[in-house]
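> Generate a structure from the sequence data that follows.
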Amino acid sequence: MRVLRMPLPVKHGPFQIQTHPSSYTSHASPRLPLSFVSFNPSTNPANNNDNLIQSLCKQGYLKQAVKALYSDPNPTQKTFELLIYSCVEENSLSAALHVHRKLVLSGFGQDPFLATKLINMYCDLGSVDHACKVFDETRERTIFVWNAVLRALAKAGRGEKLLELYCRMNWVGVKSNRFTYTFVLKGCVVSEMSICPLKKGKEIHAHILRHGFEGCVHVMTTLLDVYAKFGCVSYASSVFGAMPTKNIVSWSAMIACYAKNEMPVKALELFQVMMLEACDSVPNPVTMVSVLQACASLAALENGKLVHGYVLRRGLDSILPVLNTLITMYGRCGEIPTGQRVFDYMKKRDVVSWNSLISIYGMHGFGKKAIGIFENMIHQGVLPSYISFITVLCACSHAGLVEEGKILFESMLNKYRIRPSMEHYACIVDLLGRANRLDEAIKLIESMDFKPGRTVWGSLLGACRIQCNVELAERASSMLFELEPNNAGNYVLLSDIYAKSRMWNDVRRVRKQLESRGLQKIPSYSRIEVKRKIYSLVSVEEYNPQIEELRAFLTTLLTEIKNQGYVPQTNVVIYDLDEEEKEVILLGHSGKLAVAFGLINSSKGETIRITNNLRLCEDCHGFMKFVSKFVNREIFLRDVNRFHCFRDGVCSCGDYW
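Purely as a prediction, here's the structure:
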C-alpha cells in the first residue's frame, strides 16, 4: 500500500475550512484494525484509491476513508455517494463538510445527482442552511434536486421558505411529482407563517386535482392529515371518502383525525368499519393509540378492554406508545389499579410512561400519590419533562396541595432548568384559586415575565366562579374577551358568577353581549357506555317527548332522595325564575339524564360510567351523591376538569373541585 500524502490546507469555493481530517471528530465505534480491511487490487492507482475508500465506507471506517479521499486525484461519483451515506450513518457533520469540499474540488459541484445526495445528507444531519446553499449553487436543478430541498425545509419547519420555493418551481416550469406534493403539504403545518397555512393547503389541494394526483394514496393521505391538523374534519372526511384506494396509513390518519378533534364515537365507528372492510390492512401501533385515545375520551371501558385484547393478540404489547396510552385509557375509565398493573409489567419505560401514571392518580384526586410517583421517577434516573410538571401541578391543584405545588413550581427552573411556560403558570393560578388564595394568584400573574395568555386568565376566571369573586371575574373576563372574543364559554362563566351573586341585571347584560356577537352557549352533553354501545344525552330545558321516560324516572327518584335529605341547589340556574321552575330545569341536565338512562338499561350492581363535556354543576354533584347511596350503585363521572367517583353518598373528590 503506498504512502498517502495529505495536501496543504486550501481556501476555495463557498467553504473556508481546513482540509486536514484531524480537524473533525468521527463518532465511529471501535472496529477491527485497518490491517483487516481488504480490497481488490488493480493496476490503476486511481481505481485502487476508489476501491480502498469504498471498502472503508462499507466497513464503517469513515475517518480513514476521508483521509484516503484527499490522496485520490480523481474520485468517482460512486465513491462520493458512499462517502455521503457514511457521513449520515456516522452522524458526522464535520466529515460531511470535508467530503463536500473535495467533491467541489474534483469537479462534481454541478452534478445534479450528487447535489441531491448532498442536500439529503445535510437535511439528515440537521443542517438546513448547508442544504439550501447546495441548492442555490446548483445550476441544473432536476425534480430530485427540488424535492430534496423541499424535504429539508419541511423537516426543519421552514414552511414559508418552502412555499416560496414551490412557487418558484412552478414558475420555471418544473413538473411536480407525488413526493413534491407530500413535502409541500407538510410545509403548510410545520411552522408559523404570515400567510394563512390552511388557505395554502387548499391551493395545493387544487394543484393536486388539476394535475391528476387524486388517485395517489400517499399524497391524499398527507392532504387528509393536513386538514386534520387544522381541525377541518369535514374536509378530511371528504378527502378520505373520495380516495379510490386506502392503506393502513390512510385509515389510521382518519381515525386519529376524529380522535384528536373530539369526535371519539366517529373514531370507534371508523375503526370497526376498517376491521370489516380493510381485511388486508392490519392495524398498526399508530392506529391502536388513536383507538385507545377514543376509548379514554368516552370512558368506554368495555370497548377499551376489547382493544387491549386485540393489542395482546397482535403482539403490540411491547410498543411503548401503545402501553402508555393503555395506562391513560384505564385511568380515564376509572380503573386505576389496571392502569397501574400495565405500568408495573412494562419491561421498558420512558418519561411519557411516568407522566401517564402521574396524571391518572392526579386527576382522581390522589395528589400525594402522584407526587410520590413523580419523586420515584426522578429516583429511577428519569428526568422530568415540561409535561411532567404540568401533570404533577394539576395533581396538586385537584388535591389542594398548595405548598407542595409551589415548591415543585419553583424547582422547575432552580433544579431542573425548565423555564415555566404558560401552561405551568395556569396550573399554579388554578391551584391558588381553588384554595381561595386569589390575591396570591393575581400577584403571580402580574409577576410573569411574559404576557399572560388565555389559559392563565381562564384559570383565574374558573377560580372566581368557585369562590364567587365578582371583581376579579370581571377583570379576568375582560382580558379573555380581548384574547378570544368568539369563545362563548367565557361569557357563560361570567354570567354564572353574576347569577350566583343574584346580580340579574348583569346576567341579562352579559347574555345580550353573547347574542349580539352571534355566539351560542355550548350545550351540555353526557355520554354513557351501556353494553359496549355509546349513547349521548343532551341537556334540555323544554319538553322533549324522546326523554319523557327519563324525566318521569328522575321525578320519582327526586322524590325518594328528597326524603333522604337532598335539597336541589337552584342557585346554579342563571334565570330569574321561581324555585319550582328552576327544579324542572335542573332535571333536564345531561348528567342526570345519563344517570337515569344507566340505571334503567344496565344490570343491578353494575358501575355507571359517564363523561360530560362541561364542568359538573353543584346540584348534579349533590344529586349523584344521594343517588349512589339510595340505589347502592357506583357512579363514575368525568367532567372537563376532573374525575368523580360517587359511592355510598360520598364523592372521591371530597367536594373539592
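> Any stretches of this structure with poor pLDDT?
Counting by pLDDT under 70, the chain contains low-confidence ranges at 1-48, 191-195, 278-281, 541-546.
> Can you show me the strands along it?
Secondary structure of the chain by DSSP state E: the strands cover 525-530, 533-538, 608-612, 635-638, 643-647, 650-651.
> Among those strands, show me which one is buried the most.
Most buried of the strands of the chain by mean neighbour count (mean count of other C-beta atoms under 10 Å) is strand 608-612; its value is a mean of 25. Where C-beta positions appear, they are placed from N, C-alpha and C, glycine not excepted.
> and that strand, how far out from the chain's middle?
Distance of strand 608-612 from the chain centroid (C-alpha atoms, centre = their mean, to the nearest Å) equals 24 Å.
> how about the closest residue to residue 254 other than its chain neighbours, what does it touch?
Among residues not flanking residue 254 along the chain, residue 240 sits closest, at 4.6 Å (C-beta to C-beta, 6 or more residues apart in numbering). Shown here is residue 240, whose contacts under the criterion C-beta atoms under 8 Å, 6 or more residues apart in numbering are 224, 246, 250, 253, 254.
> Could you rank these by neighbour count and give me the top one?
Counting neighbours by other C-beta atoms under 10 Å, the top entry in the contacts of residue 240 is residue 254, with 28 neighbours.
> what's the distance between that one and residue 328?
Residue 254 sits 22 Å away from residue 328 when distances are taken as C-beta to C-beta, to the nearest Å.
> ok, now residue 639?
Going from residue 639 to residue 328 by C-beta to C-beta gives 17 Å.
> for residue 556, same thing?
Per C-beta to C-beta, residue 556 is found 38 Å from residue 328.
> Those two: which is more packed in?
Set side by side, residue 556 and residue 328 show unequal neighbour counts under other C-beta under 10 Å, the larger going to residue 328 at 23 against 10.
> got the contact list for residue 314?
With contacts defined as C-beta under 8 Å, 6+ apart, the neighbours of residue 314 are 282, 283.
> List the buried residues of stretch 649-657.
Judged by neighbour count using 16 or more other C-beta atoms under 10 Å, the buried positions of stretch 649-657 are 651, 652, 653, 657.
> Run through who's touching it.
Stretch 649-657 is contacted from outside by 364-365, 398-400, 434, 616, 621, 624-626, 628-629, 641-646, using C-beta under 8 Å, 6+ apart.
> Return a ChimeraX selection command for the buried portion of these.
Those of the contacts of stretch 649-657 that count as buried under 16+ other C-beta under 10 Å are selected in ChimeraX with:
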select :364,365,398,399,434,616,621,624,625,626,628,629,641,642,643,644,645,646
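> which parts of stretch 570-582 are buried?
For stretch 570-582, using 16+ other C-beta under 10 Å, the buried residues are 570, 572, 573, 574, 582.
> Let me know the distance separating residue 615 from residue 477.
From residue 615 across to residue 477, the span is 16 Å (C-beta to C-beta).
> Repeat that for residue 531.
When distance is defined by C-beta to C-beta, residue 531 is 43 Å away from residue 477.
> Residue 236 now?
The span separating residue 236 from residue 477 equals 34 Å under the rule C-beta to C-beta.
> if we can go back for a sec, residue 531 and residue 477: which has the busier surroundings?
When residue 531 and residue 477 are compared on other C-beta under 10 Å, the one with more neighbours turns out to be residue 477, at 22 against 9.
> Show residues contacting stretch 550-562.
537, 566, 568, 583, 587-588, 592-593, 596-597, 599-600, 623, 626-627, 630.
> For it, list every residue counted as buried.
When neighbours are counted by 16+ other C-beta under 10 Å, the buried residues of stretch 550-562 are found to be 550, 551, 553, 554, 557, 558, 561.
> ranges for the helices of the stretch 351-500 of the chain?
351-363, 367-379, 386-399, 402-416, 422-434, 438-447, 454-467, 470-483, 488-500 (DSSP state H, counting those that start in this stretch).
> out of those helices, nearest to residue 102?
Closest approach to residue 102 among the helices of the stretch 351-500 of the chain is made by helix 351-363 (42.2 Å; C-beta to C-beta).
> which of the residues in that closest one are buried?
Of the residues in helix 351-363, those scored as buried under the neighbour-count criterion (16+ other C-beta under 10 Å) are 352, 353, 354, 355, 356, 357, 358, 359, 360, 361, 362, 363.
> now swap in stretch 254-262 and tell me
Neighbour-count burial for stretch 254-262, with 16+ other C-beta under 10 Å as criterion, is recorded at 254, 255, 256, 257, 258, 259, 260, 261.
> where's the fifth one relative to residue 314, distance?
Meaning residue 258. Taken as C-beta to C-beta, the spacing of residue 258 relative to residue 314 amounts to 21 Å.
> Could you do the fourth one as well?
According to C-beta to C-beta, residue 257 stands 22 Å off from residue 314.
> Report the contact partners of the closest residue to residue 83 other than its chain neighbours.
The shortest distance from residue 83 to any residue other than its chain neighbours is 4.7 Å, reached at residue 99 (C-beta to C-beta, 6+ apart). Counting by C-beta under 8 Å, 6+ apart, residue 99 touches 66, 69, 80, 83, 84, 87.
> All good on my end, thank you.
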